[in-house]
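>>> Here you go, sequence then predicted model.
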2 protein chains.
Amino acid sequence: MRFIYTGVRVRDLQKSLRFYRSLGFRVANRGKMEHGGVYVQLKMPFTSQMLELNYYPKGSRFYERYKNGSELDHLGFSVEDTEECLKRLKKIGARLAVKPWSEGDATLAFVKDPDGIWIELLGHTRKKSQEQNR
Amino acid sequence: MRFIYTGVRVRDLQKSLRFYRSLGFRVANRGKMEHGGVYVQLKMPFTSQMLELNYYPKGSRFYERYKNGSELDHLGFSVEDTEECLKRLKKIGARLAVKPWSEGDATLAFVKDPDGIWIELLGHTRKKSQEQNR
């Protein structure tokens, strides 16, 4: 068996598509399930990780009242500059989940997608002195 | 920004590691977070999708009482033969979530990981007559 994508459930497909497109994702594939659900598979340049948005209308076999849980800890993104990226995402309406902090040579922060899914921004902290030593 | 992995929260790291190893994953990287959490990054051959297991002990910054929610719809796996794979996973203790059904030229089924995360088995149904027409 081969791990091919992560499927996240969305409550508003257009809203989620706008959000994930603004992160750099492009639609690779989409289709309708027999029970009425819709899937949209997303990819972005320079990585083959695939994200699938799953939307189930009321009456579809897998419809349920949406509730936030613990299973999906976060979707991890590597970024050039955490603070810079955070500013950009806030401008497009992303809510802050965890404000930036540094740990080792990484600076991390989390924002939320339209359904509350945590989006990790993992940037590498480079101090000038470190750069000069390289 | 570059999507690099999906992080799922686990309640029992050893149990989850056993489960995901039995699916074919191997540990690519692991480490400890400053607040006491542990991450284990998993990869499998022939795919670059990465899965991260996140464990937070009580007292860690991100610890919470685990609850199943809706965000993570499923982790998608492509398989050769859905029924065959399902049998194998049941033998290693995976619980059935949705019994196999066919849709178009695909046969799908879902099992649960130790924390209840849905694992999709997506196999392609090939009828003999179809094969002969190729």
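Done, it's in. Numbers count the residues shown, from 1 in each chain, chains lettered A, B, ... in the order given.

>>> Next one: the residue in chain A positioned nearest to chain B relative to B:I117, how far apart?
Nearest to chain B in chain A, going by C-beta to the nearest C-beta, is A:G69, at a distance of 1.8 Å. The C-beta positions use only the backbone N, C-alpha and C, and glycine is treated the same way. If you measure A:G69 against B:I117 using C-beta to C-beta, to the nearest Å, the figure is 10 Å.

>>> Helices of chain A, residue ranges please.
All helices of chain A, identified by DSSP state H, fall at A:13-22, A:82-91, A:128-133.

>>> mean confidence for the last one?
Helix A:128-133 shows an average pLDDT of 45 in the prediction.

>>> quick revisit: format the helices of chain A as a markdown table; extra columns: mean neighbour count.
As requested, the helices of chain A are exported to a markdown table (neighbours: other C-beta atoms under 10 Å in any protein chain shown):
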| stretch | mean neighbour count |
| --- | --- |
| helix A:13-22 | 17 |
| helix A:82-91 | 16 |
| helix A:128-133 | 8 |
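
>>> what's the least confident stretch among these?
The bottom spot among those, by mean pLDDT, belongs to helix A:128-133, with a mean of 45.

>>> related to what we said a few turns ago, would you list the helices of chain A in CSV and tack on distance to B:R11?
Shown next, in CSV, are the helices of chain A (distance: least, C-beta to C-beta, whole Å):
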stretch, distance to B:R11
helix A:13-22, 28
helix A:82-91, 29
helix A:128-133, 38
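
>>> so where do the strands sit in chain A?
A:2-9, A:26-32, A:38-44, A:47-55, A:72-79, A:95-103, A:106-112, A:118-124 (DSSP state E).

>>> Which of the ones you listed sits closest to B:C85?
strand A:2-9 (11.0 Å; C-beta to C-beta).

>>> near chain B at all, the closest one?
Yes. Residues of strand A:2-9 contacting chain B under C-beta under 8 Å from any C-beta of the partner chain: A:2-9.

>>> Any regions of chain A where pLDDT drops low?
A:126-134 (pLDDT under 70).

>>> And it, what are its domain boundaries?
A:1-58, A:73-134 (automatic domain parsing).

>>> distance between the ends of the first one?
Going back to what we said before, that points to domain A:1-58. End-to-end span of domain A:1-58 (C-alpha to C-alpha, to the nearest Å): 32 Å.

>>> How far does that domain sit from its chain's centre?
For domain A:1-58, the separation from the chain centroid amounts to 11 Å (computed by C-alpha atoms, centre = their mean, to the nearest Å).

>>> The longest one too?
Computed by C-alpha atoms, centre = their mean, the chain-centroid distance of domain A:73-134 equals 12 Å.

>>> anything in that domain sitting right up against chain B?
Yes. Domain A:73-134 lies within reach of chain B by C-beta under 8 Å from any C-beta, at A:73-80, A:85, A:103, A:115-117, A:120-122.

>>> Now flag whichever of those is closest to A:N29.
For these, the nearest to A:N29 is A:L75 (18.6 Å; C-beta to C-beta).

>>> What residues are bridge-paired with the closest one?
Note on A:L75: beta-bridge partners by DSSP bridges are A:I119, B:T6.

>>> picking up where we left off before, and the residues of domain A:73-134 next to chain B, which of them are buried?
Among the residues of domain A:73-134 next to chain B, those classed as buried by neighbour count (16 or more other C-beta atoms under 10 Å in any protein chain shown) are A:73-79, A:85, A:115-117, A:120-122.

>>> and the residues of strand A:2-9 next to chain B as TSV, adding neighbour count?
Shown next, in TSV, are the residues of strand A:2-9 next to chain B (neighbours: other C-beta under 10 Å):
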residue	neighbour count
A:R2	16
A:F3	26
A:I4	18
A:Y5	25
A:T6	23
A:G7	21
A:V8	23
A:R9	24
